[in-house]
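[1] just coords:
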């Protein structure tokens, strides 16, 4: 499997040469869960209610530091790189 190319500071597809590259990443999201009910617990209040706004905020604050995985995909031809883990 070919690796992504970097030309003049831009990522390019090794198959078609396009710059339309997307990075798809998996970041670390810490969550608390009630073991018996399998419901999320709000980390600040300790209550079992976790609104969609709170879920979105937790997702936005997910840490890209530490162990994570990602791969690249070309939006023009559909090429996908191999999985890279840190």
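    Great, that's in hand. Computed from a prediction, not measured in an experiment: that's the story for all the values here. Numbering: from 1, shown residues only.

[2] drop to CA atoms for contacts and neighbour counts, all remaining ones
    Will do.

[3] if I look at the residue sitting furthest away from the middle of the chain, what pLDDT would I see?
    What lies farthest from the middle of the chain is residue 36; by CA atoms, centre = their mean that is 28.5 Å. With respect to pLDDT, residue 36 scores 82.

[4] give the helix, strand or coil label for it.
    When classified by DSSP: H, G, I helix; E, B strand; the rest coil, residue 36 comes out as coil.

[5] now do the contacts for the closest residue to residue 5 other than its chain neighbours.
    Nearest non-adjacent residue to residue 5, counting by CA to CA, 6 or more residues apart in numbering: residue 12, 5.2 Å away. Each residue near residue 12 by CA atoms under 8 Å, 6 or more residues apart in numbering is listed here: 4-6, 18-21.

[6] separation between residue 12 and residue 70?
    With the distance defined as CA to CA, to the nearest Å, residue 12 ends up 16 Å from residue 70.

[7] now swap in residue 2 and tell me
    15 Å.

[8] then residue 3?
    13 Å.

[9] and for residue 84?
    5 Å.

[10] of those two, who's got more company?
    Comparing residue 84 with residue 70 by other CA atoms under 10 Å, the one with more neighbours is residue 70, at 15 against 11.
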